[in-house]
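Asks: the sequence isn't on hand, but the structure is:
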């Protein structure tokens with residue numbers, strides 16, 4: 001049974017201890033080189049002393065047009081091959097080496113990276129534990145003078161020759177802040193660097209070769225495709241290696257990023273910060289929406305769904321309309337009696353829409369294909385069959401990270417797709433199943449009832465969208481009478497296809513490796529029937545009016561703040577006056593008290609004087 005790794009949590013595996021196990025897998029070490037014979041000699045000397053069995057190791061050096069041509073030194077692993085690739089560029093050289101490789105595992109190695117003697121063994125013990133791993137060693141950059149090949153071969157520890165050295169700071173930081181890439185699986189593919197990384201060969205066969213259309217960033221782009229093929233990325237600190245000198249990125253990160261980002265933005269949908277433009281399209285979309293136009297689903301149902309998808313807040317989307325396009329015939333004499341009229345209307349309506357493509361069959365759940373090639377690109381409106389699993393089909397679309405299977409006639413609200421994707425990303429789910437209705441046919445019936453409020457027109461096909469959505473994994477009416485949509489993560493289904501047992505439902509395997517959740521369609525804004533689409537001009541006017549109202553409210557707020565400040569100032573003056581008044585009142589109270597005392601004293605004196613006068617008068621009378 002194949003080990004099931006949830007997300008990128010490689011900690012569930014327990015690789016054997018170095019030196020205490022018996023390997024069986026073959027490894028092909030591919031070394032592309034352009035010049036630098038002195039460094040290549042050291043690389044091959046390091047490979048000659050590896051602890052991994054020589055009988056299970058092949059080394060392929062690819063001379064990428066060196067002048068003078070490269071040669072194989074005497075100190076090298078037995079059976080080392082030297083092939084040539086005259087087309088300049090490391091991706092071409094790597095692909096040439098990949099085509100010549102016969103191993104179960106491909107180990108990329110730059111021609112200026114010297115491996116510690118146990119490095120390949122440290123890689124391979126992981127590949128024996130699971131067949132879908134990408135392992136990257138611990139790379140350090142040394143400024144040391146180049147030793148002799150003999151010194152490299154004889155060294156028990158390469159640190160004696162190449163330390164002090166600097167670590168790959170960016171990768172070390174990524175690994176440390178993500179718990180060894182277990183906490184943030186969305187960016188784990190960044191670990192794929194060509195200097196010292198090994199990949200299961202079958203995984204490479206699923207993901208496809210290096211993209212030769214890139215100037216820089218080929219390693220990261222291939223890492224992204226490997227992730228979509230189901231890969232788990234493993235940092236291995238025991239696989240030590242020394243890079244002879246600094247990398248180009250260490251010499252100037254900003255200009256390298258500038259060039260790399262200009263190209264990888266088109267190919268890596270996960271780099272959302274590079275796709276901030278509100279309307280433009282990209283070579284590899286973030287989401288593919290699959291709509292079945294087969295069965296009884298008519299033009300109006302398909303159009304309602306496709307138009308709603310294209311009008312949403314997520315412009316980074318592609319729609320695949322599935323139907324028998326190779327059998328749709330044109331009818332020039334009596335077009336209204338054409339039995340293929342509904343399909344002909346769909347194809348004609350979207351023939352020149354760049355975000356809509358036509359396919360003869362629905363994509364498989366774990367489809368990952370070779371990078372898009374310009375010279376073999378299909379024309380707009382041309383039906384393109386999906387390739388079989390693992391095939392490399394020129395002209396097919398590279399792995400889209402998410403795919404939504406949506407029955408024709410069901411329409412998402414403006415922000416529905418973005419909300420569903422947020423749920424899948426934040427929850428790290430492999431499948432989000434959306435319950436649209438509990439009875440087949442609901443979508444079509446509602447579409448027929450509400451057709452007067454939309455702009456999709458009217459056909460006899462209205463009322464059948466729910467049952468015409470298709471069965472199986474395409475969404476639609478299931479065996480239990482449920483109408484559903486499915487948001488699938490490509491990486492999750494690719495992983496599930498690798499680990500699933502014979503006869504096991506793929507959704508169950510997805511639940512094990514990523515997780516599955518059910519949500520209510522109405523809660524997320526799905527509805528049956530066409531919607532009134534808000535045009536860009538209307539949206540612009542709404543935004544303009546909203547900004548004007550916001551500006552008015554902001555000015556009113558400032559005015560009120562000024563009033564508040566004025567009243568606070570006035571209140572301060574009144575408080576000051578009140579304090580002074582209290583002081584005056586206090587003084588008057590003191591004066592009044594003193595006057596009262598004086599009055600009381602005067603009264604007492606008067607009383608005493610009167611009493612004395614009375615006494616004297618009485619005395620005289622006597």
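Replies: Arrived safely. Since the model is a prediction, treat every value here as computed from it, not as a measurement.
Asks: give me the distance between residue 181 and residue 260.
Replies: 21 Å (CB to CB, to the nearest Å). Any C-beta I mention is one placed from the backbone N, CA and C, and that applies to glycine too.
Asks: more neighbours, the two?
Replies: More neighbours surround residue 181 than the other of residue 181 and residue 260, with 25 against 18 (other CB atoms under 10 Å).
Asks: give the rounded mean pLDDT of stretch 89-107.
Replies: For stretch 89-107, the mean pLDDT works out to 95.
Asks: ok, then the element right after the helix or strand hosting residue 46?
Replies: Residue 46 belongs to helix 37-48 when assigned by DSSP states H and E. Following helix 37-48 in sequence order, the next helix or strand is strand 57-63 (DSSP H and E).
Asks: could you count how many residues lie near the closest residue to residue 525 other than its chain neighbours?
Replies: Leaving out its chain neighbours, the residue that sits closest to residue 525 by CB to CB, 6 or more residues apart in numbering is residue 413, at 3.0 Å. Neighbours of residue 413 under the rule other CB under 10 Å: 16.
Asks: my guess is residue 413 contacts residue 532. True?
Replies: No - the criterion here is CB atoms under 8 Å, and residue 413 misses it with residue 532 at 11.4 Å.
Asks: residue 542 and residue 62, how far apart?
Replies: 57 Å.
Asks: so between the two, which is more surrounded?
Replies: Set side by side, residue 542 and residue 62 show more neighbours around residue 62, with 26 against 11, by other CB under 10 Å.
Asks: partner residues bridging that one?
Replies: Beta-bridge pairing of residue 62 under DSSP bridges involves residue 32, residue 83.
Asks: now for it: which residues touch it?
Replies: By CB atoms under 8 Å, 6 or more residues apart in numbering, the contact list for residue 62 reads 30, 31, 32, 33, 83, 84, 85, 93, 94, 96, 97.
Asks: quick check, nearest of those residues to residue 45?
Replies: residue 31 (12.5 Å; CB to CB).
Asks: next, the distance between the ends of stretch 42-60.
Replies: For stretch 42-60, the first and last residues are 15 Å from each other (CA to CA, to the nearest Å).
Asks: looking at this structure, which helix is longest?
Replies: Ranked by residue count under DSSP state H, the longest helix found in the chain is helix 536-621.
Asks: what about that one, average pLDDT?
Replies: 86.
Asks: of the contacts of residue 62, select the buried ones using a ChimeraX command.
Replies: Burial among those is assessed by 16 or more other CB atoms under 10 Å; the matching ChimeraX selection reads:
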select :30,31,32,33,85,93,94,96,97
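Asks: between the contacts of residue 62, which sits nearest residue 307?
Replies: residue 94 (43.1 Å).
Asks: I'd guessed the closest one sits against residue 32; true?
Replies: Yes - the pair residue 94 and residue 32 passes the contact test of CB under 8 Å, sitting 5.3 Å apart.
Asks: picking that back up, now the helix holding residue 46 and strand 57-63, what's the angle there?
Replies: Angle of helix 37-48 versus strand 57-63, following axes from the mean of the first three to the mean of the last three CA atoms, to 10 degrees, is 170 degrees.
Asks: contacting residues around helix 37-48?
Replies: Here helix 37-48 makes contact (CB under 8 Å, 6+ apart) with 29, 31, 33, 57, 59, 61, 66, 70-73, 75-77, 80, 109, 111-117, 120, 146-147, 149-150, 152-153, 158, 244.
Asks: SS state for residue 518?
Replies: Assigned with DSSP: H, G, I helix; E, B strand; the rest coil, residue 518 falls in the strand class.
Asks: distance of it from residue 319?
Replies: Distance from residue 518 to residue 319, by CB to CB: 24 Å.
Asks: ok, these two, which is more surrounded?
Replies: For residue 518 versus residue 319, the count of surrounding residues by other CB under 10 Å is larger for residue 319: 24 against 10.
Asks: what sits against the most centrally placed residue in the chain?
Replies: For the chain, the residue nearest the mean C-alpha position is residue 270 (2.9 Å; CA atoms, centre = their mean). Counting by CB under 8 Å, 6+ apart, residue 270 touches 186, 187, 189, 224, 401.
Asks: farthest pair within those?
Replies: 187 and 401 (12.5 Å).
Asks: among these two, which residue is more densely surrounded?
Replies: Set side by side, residue 187 and residue 401 show more neighbours around residue 401, with 23 against 16, by other CB under 10 Å.
Asks: and stretch 234-241, which residues are buried?
Replies: So stretch 234-241, judged by 16+ other CB under 10 Å, has buried residues 234, 235, 236, 239, 240, 241.
Asks: of these, closest to residue 579?
Replies: residue 235 (70.9 Å).
Asks: would you mind measuring from the residue nearest to the closest one when sequence neighbours are not counted to residue 427?
Replies: Distances taken as CB to CB, 6+ apart put residue 175 closest to residue 235, at 4.9 Å, once the chain neighbours are dropped. Counting by CB to CB, the separation of residue 175 from residue 427 is 24 Å.
Asks: of these two, who's got more company?
Replies: Each of residue 175 and residue 427 has its neighbours counted (other CB under 10 Å); residue 175 has more, 19 against 12.
Asks: return the residues in contact with the more buried one.
Replies: By CB under 8 Å, 6+ apart, the contact list for residue 175 reads 181, 191, 235.
Asks: could you check the pLDDT of it?
Replies: With respect to pLDDT, residue 175 has a value of 90.
Asks: now it: how far from residue 141?
Replies: The value you get for residue 175 to residue 141, if CB to CB is used, is 16 Å.
Asks: can you list contacts of stretch 139-150?
Replies: By CB under 8 Å, 6+ apart, stretch 139-150 touches 38-39, 41-42, 44-45, 73, 75, 113, 161-168, 171, 193, 195-196, 240-247, 250.
Asks: ok now stretch 228-238, how far from the chain's centre?
Replies: How far stretch 228-238 lies from its chain's middle: 17 Å, per CA atoms, centre = their mean, to the nearest Å.
Asks: neighbours around residue 75, how many?
Replies: 18.
Asks: and it, how close does it get to residue 123?
Replies: 22 Å.
Asks: residue 308 now?
Replies: 48 Å.
Asks: ok, back up a step: can you lay out the contacts of residue 175 as CSV showing secondary structure and pLDDT?
Replies: Listed next are the contacts of residue 175 as CSV, based on DSSP: H, G, I helix; E, B strand; the rest coil; pLDDT from 0 to 100:
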residue, secondary structure, pLDDT
181, coil, 89
191, helix, 88
235, strand, 95
